[in-house]
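**Student:** Task: produce atomic coordinates for the following.
(one chain, ligands or ions: 1)
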Amino acid sequence: MSEITKKTKGRVLSGMRPTGKLHLGHYVGALQNWVRLQEQYDCFFFVADWHALTTDYADTSRVKQSCVEITTDFLAAGLDPEKSTLFIQSHVPQHAELHLLFSMVTPLGWLERVPTYKEQRENIKDKDLSTYGFLGYPLLQSADILIYRADFVPVGEDQVPHVELTREIARRFNMFYTRKGMYVFPEPQPLLTPAAKLPGTDGRKMSKSYGNTILLTDPEPVVRQKLKTMVTDPARVRRTDPGNPDVCPVGDLHKVFSDRPTILKVDEGCRSAGIGCIECKGWAADALVSILNPMQERRKKYEDNPRLAWDILEAGSSRASKVAGATMDEVRDAMGMSLDYKLDH
Ligand code: SF4
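**Tutor:** Presented below is the predicted three-dimensional model:
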């Protein structure tokens, strides 16, 4: 094993689809955690461009550009290419090879019962999801994870079944094929990301499809304007009406982003009608701006020279390919299909 492919600490794998500008929901739900994890683990974070095709395959004209944009968001949020391997999924074709091999051993029923598959088939009506790619995307995720023999996969609650599927695939592969009596794949564990409740400006979950997001790239005046229009506790019709920050989306923002004294001040002031919503929203905007400003500062050099992000992805993809290549050598060997002339194994 070379220095690159050798595991010296626990390995973490996660990815994100390049589907547009990232917002605070992405930051709280994933990126913030990734930035922490890179201090402790050998992290592989990838831009899942093939996954983007599983639901949006007809128009691929923006995929490459989106890969660079999302990487700029990663770097702005604090991912450090010296600590983490950042790469593009399609630049490491071994993911596809392993996906193909897994597709041979995976019972169809395992894929059909994945909760997100059923849910999205029922809820997404404006896209044709009756493709093999869509049915097979959790299996592609399994290949993404197992090709790096990741120990941990940071996920939200809704993605835990995908890690469970990956564990089942690893067990099934290991049951059929071993290499010198050893299992090829470890079973990865989910690392649950604490689910912070992050509402969008209309009070529903922050999501691009609801048009209620605060983007990581939003300049301060835009953040303040968006906060001004944010819904509040409907009980506070007049300034003198007491409210409840526990049922107010702005209160939720404070709980995620504000410091303890501000949260206490909001709690007390809201319940006693001692503060107005405009004032309270101003404090929430202050907290958001103090998170977003350093990110926007960091992203400047990548925006001035987009080639920098691409170079980081190329270097990361090259490193990832070495690790993935070593796994595929073992996979082919275990299956008796190695590339060298050797008729028994
Ligand atoms: S004072 Fe703040 S927490 Fe209370 S209702 Fe207004 S915006 Fe919401």
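**Student:** what about residue 14, helix or strand, and which?
**Tutor:** strand 11-16 (DSSP states H and E).
**Student:** For that strand, name the packing helices and strands.
**Tutor:** strand 42-47, helix 137-146, strand 152-155 (3 or more CB pairs under 8 Å, 6 or more residues apart in numbering; DSSP states H and E). All C-beta atoms are positioned from the backbone trio N, CA, C, and that covers glycine.
**Student:** among these, which is nearest residue 61?
**Tutor:** strand 42-47 (16.5 Å; CB to CB).
**Student:** Please compute how far the strand or helix carrying residue 162 lies from its chain's middle.
**Tutor:** Per DSSP H and E, residue 162 falls inside helix 160-176. Taking the mean of its C-alpha atoms, helix 160-176 sits 21 Å from the chain's own mean (CA atoms, centre = their mean, to the nearest Å).
**Student:** Quick one: distance of the next helix or strand after it to the chain centre.
**Tutor:** Scanning forward in sequence from helix 160-176 by DSSP H and E, the next helix or strand is strand 189-192. Strand 189-192 sits 13 Å away from the centroid of its parent chain (CA atoms, centre = their mean).
**Student:** One more: stretch 48-65?
**Tutor:** With CA atoms, centre = their mean, you get 16 Å for stretch 48-65.
**Student:** quick one on the thing from earlier: list of residues touching the helix or strand that the strand holding residue 14 is followed by?
**Tutor:** Note on strand 11-16: by DSSP H and E, the next helix or strand toward the C-terminus is helix 24-26. Residues from elsewhere that reach helix 24-26, judged by CB atoms under 8 Å, 6 or more residues apart in numbering: 16, 73, 198, 200, 205-207, 213-216, 288, 291.
**Student:** Tell me the helix or strand right after helix 24-26.
**Tutor:** Sequence-wise, the next helix or strand downstream of helix 24-26 (DSSP H and E) is helix 32-37.
**Student:** Name the surrounding residues that touch that following helix.
**Tutor:** Counting by CB under 8 Å, 6+ apart, 12, 14, 43, 45, 74, 77-79, 84, 154, 191, 193 sit against helix 32-37.
**Student:** Residue 68: what secondary structure?
**Tutor:** helix (DSSP: H, G, I helix; E, B strand; the rest coil).
**Student:** so what's it up against?
**Tutor:** 306, 309-310, 313.
**Student:** among those, which ones are buried?
**Tutor:** With burial judged by 16 or more other CB atoms under 10 Å, the buried subset of the contacts of residue 68 is 309-310, 313.
**Student:** can I get those in CSV with pLDDT and distance to the ligand?
**Tutor:** Shown next, in CSV, are these (pLDDT from 0 to 100; distance: CB to the nearest ligand atom, whole Å):
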residue, pLDDT, distance to the ligand
309, 95, 37
310, 96, 42
313, 97, 41
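**Student:** Make a markdown table from these and add secondary structure to it.
**Tutor:** Formatted as a markdown table, the buried ones among the contacts of residue 68 follow (three-state DSSP):
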| residue | secondary structure |
| --- | --- |
| 309 | helix |
| 310 | helix |
| 313 | helix |
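**Student:** What's opposite the residue lying closest to residue 14 once chain neighbours are set aside in the beta bridge?
**Tutor:** Leaving aside its chain neighbours, residue 14 sits nearest to residue 154 (5.2 Å; criterion: CB to CB, 6 or more residues apart in numbering). Beta-bridge partners recorded for residue 154 (DSSP bridges): residue 191.
**Student:** Alright, calling it a day.
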